[in-house]
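J.: What would the 3D arrangement of this be:
(chains A, B and C)
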Amino acid sequence: MIFLANDNSCKDTRRYEQPSITVDNAVQMRGVTKIFGSVIANDKVDLDIRHGEILSLLGENGSGKTTLMNMLSGIYFPDEGEVYVEGEPVTIRSPKDAIDLGIGMVHQHFKLVDVLTATENIILGLKEPGRLNLKKAAEKIRAICDKYGFVVEPEKKVYDMSVSEKQTVEIVKVLYRGANILVLDEPTAVLTPQETEKLFDVIRNMKEDGKSIIIITHKLHEVMAISDRVAVLRKGEHVADVDTVETNPQELTDMMVGHAVRLNINRPEPKNRVKRLEIRDLSVNNVYGLRAVDKANFDVYGGEILGIAGISGCGQKELLEAIAGLQSTEEGSSVRYYPEDTDEFKELVGMNPLDIKKAGIGFSFVPEDRLGMGLVGSVGMVDNMMLRSYRDGHSIFTDHKAPKKLAEAVKEQLEVVTPSINTPVRSLSGGNVQKVLVGREIAANPKVLMTAYAVRGLDINTSYTIYNLLTEQKMKGVAVIYVGEDLDVLLELCDRILVLCGGKVNGILDARTATKEQVGLLMTNLQEKEENAQ
Amino acid sequence: MINLFVSAIVFGTVILYGALGEILTEKAGNLNLGVPGIMYLGGIAGLASAFAYESAVAEPVGVVCLIITFVAAFLASALGGLIYSFLTITLRANQNVTGLTLTIFGGGVANFFGGALNTLAGGVGQISIAATSAAYRTSIPGMGTGNWFCQIFLSHGFMVYLALVLAIALHVFLNKTRTGLNLRAVGENPATADAAGINVTKYKYFATCIGAGISGMGGLFYTVDYIKGTWASEGTIEALGWLAVALVIFASWKSLNAIWGAYLFGFLTWLYLYVPQLRTMLIGALNLDQDALQILNLTRSSQELFKMLPYLATILVLVVVSLRKKRENQPPAHLGLHYFREER
Amino acid sequence: MSSVHTVREPLIRISKRSGMPVWKSWLIRLAAVLVALLLSGLFILSVTGLNPIKVYVAMFEGALGTTRKTWFTIRDTMMLLCISIGLAPAFKMKFWNIGAEGQVLVGGIATAGLMIYLGDGSISTPALLVLMAVVSLLAGALWGIIPAVFKARWGTNETLFTLMMNYVAIQLTSYCVALWENPFGSNTVGVINRQTKVGWFPEVFGQNFGLNVIIVLVLTVGMYVYLKYSKQGYEITVLGESENTARYAGMKPGGVIIRTMAISGAICGLAGFIAVAGASHTISTSTAGGQGFTAIIVAWLAKFNTFVMLLISFILAFLQKGAMEIASQFKLNDFASNVITGIILFCIIASEFFINYRMVLRKRKEAEHK
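T.: As a prediction, this is how the structure comes out:
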């Protein structure tokens, strides 16, 4: 089943080594190591940050980019290694130490206090002389905004702000503190293309001003568009360091994954395609009452894998959860399920997961949040196996025999590494947690299998295990929905790709003929000319 | 009727201190359910120190009485806060469990020494701290017999006004100073505060210990002024402590709201004593039959139902706040949780 | 490594332990109790000048010295245990039921009321006992359901709501005490049916409190099985972990919250029944006697394991009884027991830290890397 059993080929690249310590560089990290439990997040990383440059920190999910920068900004303390700022050895024990050294980080999850205003958030924790003067601070904020081209409303409460406004507040906060070294963690993940462009303009302005900017990303076109230099991390190691002008996306990808992307995912032709789901005008509002999915229309067929692409947070989560009965839908939405290969259907809108199960509809769902939704972290594999089936039977007690058998089977077939099938799954590694979840959902013999970011954070072997499992299901006639972020995988694994953009279905492509550029374009540019309204 | 308002204000002052301290503590994200225990500690420390001073000195000086009792009560209650802080902040113990234990402990210590003090003084009600009591009860001359306004608002000892000053000072501190802003951030989102360079641990420790000290003033006021220096181990202070916790919720964590909330609680608590008068007034005013409004003819049992009102009002506020979901009225977002930077 | 660097590293770093052998964690808890006894001894010595060893011996005699005293200790253990068992499902669901005190009281009121109004012999004692048990269960359940409904429907903070419900119950008790007072003007209810003993627990195996023990031990085993092996117990576990997971598994979180709080409140109500019909035969605001709060600590420290609750409840009841004994022997007042209880609980709470976390000293860390 696993044909990439011994993938040592990506280990051959020699570790990148930096030159000696010098005051010419803003920051130098030497031999920095961080270990979480049994996972080595960063392994003896050397990294230089020069004055007045835009450095891209490139790497796949889980390659240790954020951990490395968290150590620079004082969130984590390195287990080993030294950090030099302006050639001087420093110890960064807290974010405060980092700020004092002129290092500021904008985290992916914004660190803002919701009930405070923009100004209050920006001046938080500062020891400026004199009494608290919000007006004066607001003036200073406006000055910073004018200088670099931001737009911030100082009096606005954070809970009233859009994501991009919050990000702007975060960046201004760092600048207000006089940071000369800015770390931006995946800043574009939550932005529209227009907002991204604006952000890049601002970043260029800051560079002009002599600041060093580090952008953590895994988006190659952005790396090429904005950065001067690229540092590539792979599995916690710093494997390459190149000037952007001397490289190209293909080469960067090679460095990122260790070998050229020839995924060679086995993709048989679909057979016996039959319509399973018919989604019409499906609209979902998120918890804030904003439209997350907007009149989605598409069909899902048994015997094929439907990929769903889109920048993160543009409705994937809500779409799947709505189909699974976990989200309430808006007026006019329709999800029709065709159990047999006939015109008979069942309307699923208005059903909760229990109704769906009781109606005998074989839905399996691998949610994005594994331990927060798909599994119970504090109990072992056995108790997790019965999460969706614990009600079966008339006894008031749960049946432990069948789940125990299933747990043993999943452990053996998917090679789950765990001390015991009763060890709390929280203490397993990410890959093993995912195997437990996917194993359970497939064991339910579904008619429709929905997966969200099924391989996120997994090593390459486990990823291939998952791809093969999905393909196996497809060949058994299951309708598979695969929400993914890696376009290469989507293009090689799926039969069709549905592209979401801002909650709308922006196009459905044949995965065998589509190109990466086509998908990328659909992800970022809404086909209707709505952006002209701005 | 004027007496009702006078007692409402005096009673309200006891729980106002308790609530103000707890507001400060909770704004830093610590839900300290040890308020009753802390008020006990403040009460007994004030009483014991006054007793010790007055027994030792032939002619006690009022000001010295004040200083000694103040310092003793503040330190004893702050010590309670320190125990809570050490366990919940440094040792990351559960806040509810620790707070409740503090209530058991504080009540135990206070009643233990209170009982000893009674024995020492020769029986319940024999503790004599006349000088201290007098110092606390000194009011502007002539106000107790003046018009209704003077009687209600100006006839009290200084502690009543100190509580008001404290409430306003707390409001200014939380909303108009850098430290206050930082403190609110710690209670709302400690990870953010930490990232902004605020020493979360230090803020939590200080807010909790000082908050406990302020809460303890309620106990002090109760023992040396309100009940004029006696000790009865019947759990009154505990009930007052819980009422203070209720007041924090009632005031939706705003110290200015706590002022009128405290007086309202005091009013509701003593209302039952005046309900018969009220009935007579109503009957007179509305020209009703002498047998009308029997419901207001309180018996000893239905009085007790009246005393439920402050708690029912608090529940009502709690429910309304959760219904309206107005962000500014919600509890501090990180209330009751502990913060550990490297936790992932 | 540069020497400048290592010198400035933090002295102690704290990290989560991945696990600890069970025997070791119990050893730490035992050490905590010993430290607590040492501290309490110092307290006794410094305050009274008495020899702590003598005091402890007296405590032991007070709690377990005679059969009669032992039975009183057992009675109190059962009371505390019963409330803790009631709290267990709520806490496992991460629902902070601080309202046990009130739930016990309303159960007690229901029991006392029935004893008084049906105490004329119109109904046989066994039938009355069953009726009282059922009504107290219902009363406690009602007291538990009210905050649960608001929590389930609007997310109203349950810690504060249940806390307030205690005082509503206390005032309700005061009301009933004034209503039922006997003799008139005493402001106490007095022992109900002193002559006829109608509605009192019968002697079992010649023991007054035999039935208390049977009921509570059945509950101990029942709750253990319920939480560990029943479908509803499974739902509680899942919901306590994550509401999203519960919804994903097809559970209705609101329904589970309300059902669990009904059970939690009902068992606390039953504790009120046991306290009134099986122990004091009267009702007052101190019928619950702060046990509702103490039980919160018991349930939390026992990590929802009802058998561990039995152990902790016994330790606390032992302390209470022992302290009362020394109070009378050495003329201390019996609030000393609350002081000692507080000290012991503080120490056990503190010991949890050393079980869950590991401190990495700078030197030790370096040694590990060599």
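
J.: In chain B, mark out all the strands, start to finish.
T.: Shown for chain B, no strands are assigned by DSSP state E.

J.: Which helix or strand contains the residue nearest in space to the middle of chain C?
T.: Ranked by distance to the mean C-alpha position of chain C (CA atoms, centre = their mean), the top residue is residue C:295 at 1.5 Å. Using DSSP states H and E, residue C:295 sits in helix C:291-301.

J.: What score does the residue nearest to the centre of chain C have for pLDDT?
T.: Listed pLDDT for residue C:295 reads 92.

J.: In contact with it, which residues?
T.: The neighbours of residue C:295, taking CB atoms under 8 Å, 6 or more residues apart in numbering or on different chains as the test, are C:80, C:83-84, C:86-87, C:100. For glycine as for every other residue, the C-beta is placed from the backbone atoms N, C-alpha and C.

J.: Among those residues, which are located in helices?
T.: Among those, the subset assigned to helices under DSSP state H consists of C:80, C:83-84, C:86-87, C:100.

J.: Could you confirm residue A:336 falls within a strand?
T.: Yes - the assignment for residue A:336, made by DSSP: H, G, I helix; E, B strand; the rest coil, places it in a strand.

J.: give the contact list for it.
T.: Going by CB under 8 Å, 6+ apart, the list of residues near residue A:336 reads A:277-280, A:345-348.

J.: Please report the distance of it from residue C:320.
T.: Using CB to CB, to the nearest Å, one obtains 66 Å as the distance from residue A:336 to residue C:320.

J.: Give the burial count for residue B:154, as a bare number.
T.: 16 (other CB atoms under 10 Å in any protein chain shown).

J.: of all the contacts of residue A:336, which comes closest to residue C:215?
T.: Taking CB to CB as the measure, residue A:348 is the one of the contacts of residue A:336 closest to residue C:215, at 48.0 Å.

J.: Nearest residue to the closest one in space, ignoring adjacent ones along the chain?
T.: Nearest non-adjacent residue to residue A:348, counting by CB to CB, 6 or more residues apart in numbering or on different chains: residue A:335, 4.2 Å away.

J.: How many neighbouring residues does the one you found have?
T.: The local packing count at residue A:335 equals 23, with neighbours defined by other CB under 10 Å.

J.: Look up the pLDDT of residue A:9 for me, please.
T.: The score at residue A:9 is 39. That number is its pLDDT.

J.: again, but for residue A:305
T.: pLDDT recorded at residue A:305 is 93.

J.: pLDDT below threshold where in the chain?
T.: No chain in the question, so chain A it is. Along chain A, the parts satisfying pLDDT under 70 run over A:1-23, A:37-38, A:60-62, A:192-193, A:257-263, A:287-289, A:312, A:457, A:460, A:524-534.

J.: looking at chain B here, not the other one
T.: Counting by pLDDT under 70, chain B contains low-confidence ranges at B:125, B:143-144, B:233, B:292-298, B:341-344.

J.: Now name the helix or strand holding residue A:29.
T.: Residue A:29 belongs to strand A:25-36, assigned by DSSP H and E.

J.: List the contacts of residue 242.
T.: In the absence of a named chain, chain A is used. For residue A:242, the contacting residues are A:229-230, A:232, A:251-252, A:255, taking CB under 8 Å, 6+ apart as the criterion.

J.: try again with chain B
T.: Contacts were defined as CB under 8 Å, 6+ apart; by that measure residue B:242 touches B:35-36, C:163, C:166-167.
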